[in-house]
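[1] What shape does this take:
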Amino acid sequence: MTHTLHRRGDMESLHGDYVLLAMTARGINREGSGDKTRRIWEVISRHKNGLANFGNLSLGNSHTTSLEELMKVDSIILHAVFRDLSTLKACLMDLKKADIGISIVVSGLIHEVKTICDEIGLEPHTVNLSLGVHGRTEELPSEPVLEIMTMCGHAMVSSQLVEKTIKAVREGKMTYSEGANALSRMCVCGIFNPPRAEEILRRLAQIRSIPEREQTL
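    Predicted structure coming up:
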């Protein structure tokens, strides 16, 4: 799965943004996997204080459901966004110990993810790297807008909505937190990071104007 892979931003911004994904495979381990996915949610719930968001395709994100509700259903795919490396590391250690039998994917800064895997004795099966966007990049939204948009891998957070939210925050019609949560609600998978969006909105609110289009690569 690569919908969590293409988040934009500098090292400082991405330092607090780590996505954990677990997914069953049709024809391999999906049938009868309900107990296993519920156990994964139970492990994740132990670290809820370090979560920025979570969700699955059937119940939605943290704005529409709870970890308690997610632990009651069969999940095909699970998402959880962590705010810091220490909490992610602790969760991965618990998942390793539980040995549930469902593949776990972690997206984040490659050197940070590799370091914690080495520290707890996990050997990645596969590594995917985002090489950016190529082609007519002048047609893309501006880089600051892309930083927010790419936190939703299914493009449910549009550039127009981001620009409208930035304008509302600047005009005092929304707080930074309200703006971040309004954007986060659109990402039904739960991989959007509201605290990071709030920080980006704080930064963008200080900029008088953002170019509609700019070449980013």
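
[2] okay, CA-based contacts and neighbour counts for the rest of this
    Noted.

[3] Leaving out sequence neighbours, find the closest residue to Arg170.
    Closest residue to Arg170 in three dimensions, ignoring its sequence neighbours and counting by CA to CA, 6 or more residues apart in numbering: Ala205, at 5.4 Å.

[4] same thing with Ser103?
    Spatial nearest neighbour of Ser103, chain neighbours left out: Ala22 (5.9 Å); criterion: CA to CA, 6+ apart.

[5] Wasn't the one you found part of a strand?
    Yes: assessed with DSSP: H, G, I helix; E, B strand; the rest coil, Ala22 lies in a strand.

[6] by contact count, what packs against the helix or strand harbouring Glu112?
    In the assignment (DSSP states H and E), Glu112 maps to helix 110-120. Contact analysis of helix 110-120 by 3 or more CA pairs under 8 Å, 6 or more residues apart in numbering; DSSP states H and E lists helix 85-98 as its packing neighbours.

[7] what's the spacing between the helix it packs on and its chain's center?
    Here helix 85-98 is found 17 Å from its chain centre; the criterion is CA atoms, centre = their mean, to the nearest Å.

[8] mind listing what the residue nearest the centre of the chain touches?
    When CA atoms, centre = their mean is applied to the chain, the residue found nearest the centroid is Ile191 (3.0 Å). Contacts of Ile191 were listed using CA atoms under 8 Å, 6 or more residues apart in numbering, and they are Thr4, Val19, Asn53, Phe54, Gly55, His79, Ala80, Val81, Met151, Cys152, Gly153.

[9] what's the pLDDT at it?
    At Ile191, the pLDDT value in this model is 97.

[10] Over to it. Which of the three states is it?
    coil.

[11] quick one: it and Lys97, what's the gap?
    25 Å (CA to CA, to the nearest Å).

[12] and what of Leu201?
    For Leu201 relative to Lys97 (CA to CA), the value is 39 Å.

[13] which of those two has more neighbours?
    The residue with more neighbours, out of Leu201 and Lys97, is Leu201; 26 against 9, by other CA atoms under 10 Å.

[14] Could you check the helix or strand containing that one and say which residues are buried?
    Assigned by DSSP H and E, Leu201 belongs to helix 194-205. By neighbour count on 16 or more other CA atoms under 10 Å, the buried set for helix 194-205 is Pro194, Pro195, Arg196, Ala197, Glu198, Ile200, Leu201, Arg202, Leu204, Ala205.

[15] for stretch 129-142, same thing?
    Quick answer for stretch 129-142 (16+ other CA under 10 Å): Leu140, Pro141, Ser142.

[16] Tell me where the model's unsure across the protein.
    1, 208-217 (pLDDT under 70).

[17] Please enumerate the helices of it.
    With DSSP state H as the criterion, the chain has helices at 11-14, 34-45, 67-70, 85-98, 110-120, 143-149, 159-170, 176-185, 194-205.

[18] Columns distance to Leu129 on top of the ones you listed, output as JSON lines?
    As requested, the helices of the chain are exported to JSON lines (distance: least, CA to CA, whole Å):
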{"stretch": "helix 11-14", "distance to Leu129": "15"}
{"stretch": "helix 34-45", "distance to Leu129": "25"}
{"stretch": "helix 67-70", "distance to Leu129": "30"}
{"stretch": "helix 85-98", "distance to Leu129": "19"}
{"stretch": "helix 110-120", "distance to Leu129": "8"}
{"stretch": "helix 143-149", "distance to Leu129": "17"}
{"stretch": "helix 159-170", "distance to Leu129": "24"}
{"stretch": "helix 176-185", "distance to Leu129": "25"}
{"stretch": "helix 194-205", "distance to Leu129": "21"}
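
[19] No more questions from me, cheers.
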